[in-house]
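Visitor: model the following, please.
(2 chains)
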Amino acid sequence: MKLLVCVKRVPITGGRIVLTEDEQAIETRHLGFAISPHEECGVEEAVRLVEANGGESVVLTLGPADAEEQLRDCMAIGIDRGIHLVTDGEEWDPEATAAAILEAIRADEAASGPFDLVFFGNESADSGGFQVGLRVAHALGRPCATGLKAVAVDGGLARCEQEIGGGRDVYELPLPAVVTVLEGLNLPRYPSVPGRMRAGRKPLEQVTPVRPDSRLERARLVVPAGESKQAEVLGRGPDAARAVVDLLEQIGVAS
Amino acid sequence: MSDFPASAKAVVIGCGIVGNSLVYHLTRLGWTDVVQIDTGPLPNPGGSTGHASNFIFPVDHSKEMTQLTLESQRQYIEMGVNTECGGIEVARTEERMEEFRRRMASAKSWGVDSVRLVTAAEIKEFVPYIDETILLGGFYCPTVSVVDSLRAGTIMRERGIESGGLQVFANTDVSGMDVENGRIRRVHTSRGAIEAEVVVIACGVWSPLLAAMAGAHIPLTPAVHQMIDVGPVPRFETSSSAIEFPIVRDMDVFMYERQDGVGLEIGSYAHRSILHDPEEIPSIEEAALSPTEFPFTQADFADQMEHALELMPEIVGDESVGVKYAINGLISLTPDGMPILGETPEVKGLWSCAAVWVKEGPGVGKSVAEWMVLGESHIDLHTSDASRFHDHQKTRAHVKARTFEAFPKTYGIVHPAEQWASERGLRRSPAYEQQKVLGAEFYEVVGWERPQWYNANAPLVEQYGLEQRPAEWDARWWSPIINAEHLAMRENAGIFDLSAFAIFDVKGAGALDALQHAVLAQMDVPVGRVVYTPVLSQGGGFKSDLTIMRLGDQEFRVVTGGAHGMADRKLFSDALPADGSATLVDVTTAWTTIGVWGPKARDILASVTSADVSNEGFAFGRCRTIEIGSQLVLASRISYVGDLGGELYVPIEQGGRLWDVLWEAGRPHSLTACGIGVYGTTGRLEKAYRAYGAELETEYNVVEAGMQRPKVKDQGFVGKEAHLRHREEEPAATLCTLTVDDHVSAAGVKRYPLGREPITLRDGTPLTDAKGRRSYVTSAGAGPSLGKYVLMAYLPPEQAIEGSQELAVEYMNERFPVTVAVAGAAAPFDPENERIRS
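Guide: Have a look, this model is predicted:
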């Protein structure tokens, strides 16, 4: 099999989000970077499929030079090689992003054959456009299923499960296909130290695409008022025990 | 939580390990009105304590740090939060094995006796998952432990609260501090303003920002220490306890590995120095983890993974073992590596308790509490004293330059005389250029460039038939030229640049009384006298030693070493009367000092002045202004090298001229430029002159140092009561001068101990005095005129016997026999002081 996972470098926002002064971006001075949990599951799935079926897994990102860090993280998990579409750090809109990825896929497929399956996260963790996977699938003329919580490959078919209220819809897509996946698809592994060391030596191709004029204009970012952190005191001392047990049962970690 | 009080005796800012310890000990010592605040939540407010690795290796080359660490460990044990697992420092190189032999000496000097050197095979038995084939051996310390610093903090806060003397307020921001008349007055917080007599900044990496609110300085920088956690480790899933295996420090690659439950924590001091500014630290709300857990920078850890894999392939090479946690943890670093403790010199009542790590936290808390409540700590804190910094050392550029240079040496092999490469050339004496021409080998002290020796004197080495030391370590940062300069001085004369002296003028109607109260010696002496005197702590130990010239009825000049100069300045400033009847002015940079000593010194001086410099006209211990050409020079007839001559003081801009005049006048008399190697070591040791920080510390008293005078002055002075008591007691130890009988090691190489090594019986049994103090080498160096190598050490009375040949010095894990040359203060060279007084 030949698999592709597309990922995006995004800030890890564990705490309160602060915007830059011009309200065009998130202040990332204090922040680390990662890929979204959806994409982590896509990476894990691709690695598992290659472990089970043989073949090659590739990770692709469109992002600044520093996004190499995320490609190496994916390769530390077991992805075989990376494609880096290097930008100057400006945000690309979904249409431009999809076009650049499409071009890279076509180039890679021309060189080493088609991808059986292309994974995207259902949406990126920062801009959340929900578009890139669909646009790439459409442009490639390949079937696409979105919002997946399970993907299995059997013969020339991908069996895809999409979570809906009260159950799951199941689709079978003929390969080659495109899927967008959700956190919960699997439980991604941690990288091992040997994995990390190998990642530094794996091949990484760099391409510098030209950013087309954006057809979307961002006015500004706004941090939603949202809910502030709230703490509920369940009780004090031994008196709190019953309430704690009830809560643990409620969230399913005790029964 | 009770209402926020409007006032308190003390406000302690910070609920990390040291703040928690401090509030406990303050209440234990009787303070009943202590308020502790922190901007973060409890028990982990988000500072460095929260992500600390929490292990304790007790042995350090620094006595002060070892004492603080041992005291801390004792407290952790008492609180039930100390898990003893043992620890092994492992060596991949022979250089490191040699360093371990040095560590054995430090351990014995500071009383840590359970340590031993182990073979690679023994290491394998302790740590079965290690690849011992890449190791040469190790330094094993069975008392190494892991502590629960957050739990300890909670226990100590709770004890403080139970005493009724402590209130704690978490989630309380500090927005400002008010200083009135140089004294801290109140702290503004998000819960309201609080007035306090004493405010303590125990805020770790944030401390510089808090200090700045009051116009003070706490010169530290946040720096990154990387660590990762890998797991689950199959072997640990069946281990008998959460910490079953000893901690391993892989010293040559600057890393450590330790079991933590089913995980293995891998920490590194091997990466590039990554320094931050306190302003960069995010708020608790903004931080992804805690404010002091910065995002891990993988690229900085690449080599470390390889090194960890080499040492522990079974675990680190296991593909099923994942990297589960990785941070760039922030820690506090200072320009000289020591904590910053005590009252700030800028603001009365504002104290610093910063740059303290978990391993020394409770010991520091206790010691600083003693200092605050009792006026003195049982552990001498002078190398951590917050008042030690000179102005340039408080700048951010200096702090960053020095910590940048020091970080890679965290696990390094650092020679005791090792010089800094950064921040050089800041303070140059007026004769700097002349000295450069003479090939001066400049060493730095508090910014001053001082010639340690002059390479132009190299021909004297052959002339006097001197040898280089054969062992590289002993010869590093040393030259036989020092001994040659010494002999040239003793034969003819030497000229010394002493610009690094710190000099303060104390003037006014109240000056005499103030000084009288501050120092041991009688200060009501005739004008023109020079008085050498110890400065005592309340307990009668040494806070300093220095000379004071009486220049007028109401005018005194205090001259002290540059290294300790700023602490001395605070000491004397604090001693000034409240009514303003005496003032202190720091004239360090107004005056420069040139010393000329040796049998020809008088002839040289007489050739450039018309003043009467005969013994009758200018006696020892006198000072007065003389004319040298067109220069008015304050001449002071004293000596720290044990020869005829004295110190000459001129305005600093005239120093170059004075140097030239003396140099020219000295030519016919074979005047030799001599470095600090002679002044601070060889000349001093031959005369058994004591040095502050080496022989003189608060741990030792005047009688033990052999410096008691026949009479004690009638006037009161700090430490008098204790001093009178000490004079009545038998001393528990006596400062002695020893000489090395045989330098040849088992390998047939002559070795020269460099100081701080244990003095033992010939069979290696350490000497401990009645106060529990070990005997160790306080100073070591050549005595070229004696033809002997000289050591000083405090010995218990039964060993302090002249001529005794029962003792040895332990150096590099070998013992070299020594003889007690002098018990007490008499000089091994010219004991009658005929040269000085001739």
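
Visitor: distance of the spatially closest residue to residue A:220 that is not a sequence neighbour relative to residue A:12?
Guide: Nearest residue to residue A:220, sequence neighbours excluded (C-beta to C-beta, 6 or more residues apart in numbering or on different chains): residue A:23, at 4.0 Å. Every residue, glycine included, has its C-beta placed from N, CA and C. Note on residue A:23: its distance to residue A:12, by C-beta to C-beta, to the nearest Å, is 21 Å.

Visitor: kindly report the same for residue B:727.
Guide: Residue B:727 is 67 Å from residue A:12, by C-beta to C-beta.

Visitor: swap in residue B:458?
Guide: For residue B:458, the distance to residue A:12 - C-beta to C-beta - is 61 Å.

Visitor: got it, and residue B:431?
Guide: 58 Å.

Visitor: who has more neighbours, these two?
Guide: Neighbour totals were compared for residue B:431 and residue A:12, and residue B:431 leads with 26 against 14 (other C-beta atoms under 10 Å in any protein chain shown).

Visitor: for that one, list the residues it contacts.
Guide: Going by C-beta atoms under 8 Å, 6 or more residues apart in numbering or on different chains, residue B:431 touches B:497, B:594, B:655-656, B:659-660.

Visitor: kindly recompute the last result at 6 Å.
Guide: Listed by C-beta atoms under 6 Å, 6 or more residues apart in numbering or on different chains, the contact set of residue B:431 reads B:497, B:656, B:659.

Visitor: now do residue B:564
Guide: For residue B:564, the contacting residues are residue B:692, by C-beta under 6 Å, 6+ apart.

Visitor: quick check: closest non-adjacent residue to the closest residue to chain B within the stretch 151-255 of chain A.
Guide: Proximity of the stretch 151-255 of chain A to chain B (C-beta to the nearest C-beta) peaks at residue A:190, 2.5 Å away. Leaving aside its chain neighbours, residue A:190 sits nearest to residue B:322 (2.5 Å; criterion: C-beta to C-beta, 6+ apart).

Visitor: the one you found: neighbouring residues, count only.
Guide: So residue B:322, with other C-beta under 10 Å, has 22 neighbours.

Visitor: where does the residue most central in space within chain A sit: helix, strand or coil?
Guide: Geometric centre of chain A, nearest residue: residue A:39, 2.0 Å, by C-alpha atoms, centre = their mean. Using DSSP: H, G, I helix; E, B strand; the rest coil, the structure places residue A:39 in helix.

Visitor: surely it and residue A:7 touch.
Guide: Yes: under the criterion of C-beta atoms under 6 Å, residue A:39 is in contact with residue A:7, at a separation of 4.4 Å.

Visitor: can you check which residues contact both of those two?
Guide: By C-beta under 6 Å, 6+ apart, no residue touches both residue A:39 and residue A:7.

Visitor: the residue lying farthest from the centre of chain B and chain A, how far apart?
Guide: Here chain B reaches farthest from its C-alpha mean at residue B:320, the gap being 46.5 Å by C-alpha atoms, centre = their mean. Using C-beta to the nearest C-beta, to the nearest Å, residue B:320 is found at 7 Å from chain A.

Visitor: which of the three states applies to that residue?
Guide: coil.

Visitor: contact partners for residue B:822?
Guide: Counting by C-beta under 6 Å, 6+ apart, residue B:822 has contacts B:737, B:828.

Visitor: quick one: it is in a helix?
Guide: No: according to three-state DSSP, the state of residue B:822 is strand, so it is not within a helix.

Visitor: ok, it to residue B:737 distance?
Guide: Counting by C-beta to C-beta - residue B:822 and residue B:737 are separated by 4 Å.

Visitor: joint contacts of those two?
Guide: residue B:828.

Visitor: neighbours of the nearest residue to residue B:685 once chain neighbours are set aside, how many?
Guide: Nearest in space to residue B:685, with sequence neighbours left out and distances taken as C-beta to C-beta, 6+ apart, is residue B:790 at 4.3 Å. The tally of other residues near residue B:790 (other C-beta under 10 Å) stands at 27.

Visitor: same thing with residue A:205?
Guide: 15.

Visitor: what does residue B:583 give?
Guide: 15.

Visitor: list the contacts of residue B:159.
Guide: Here residue B:159 is in contact with residue B:24 (C-beta under 6 Å, 6+ apart).
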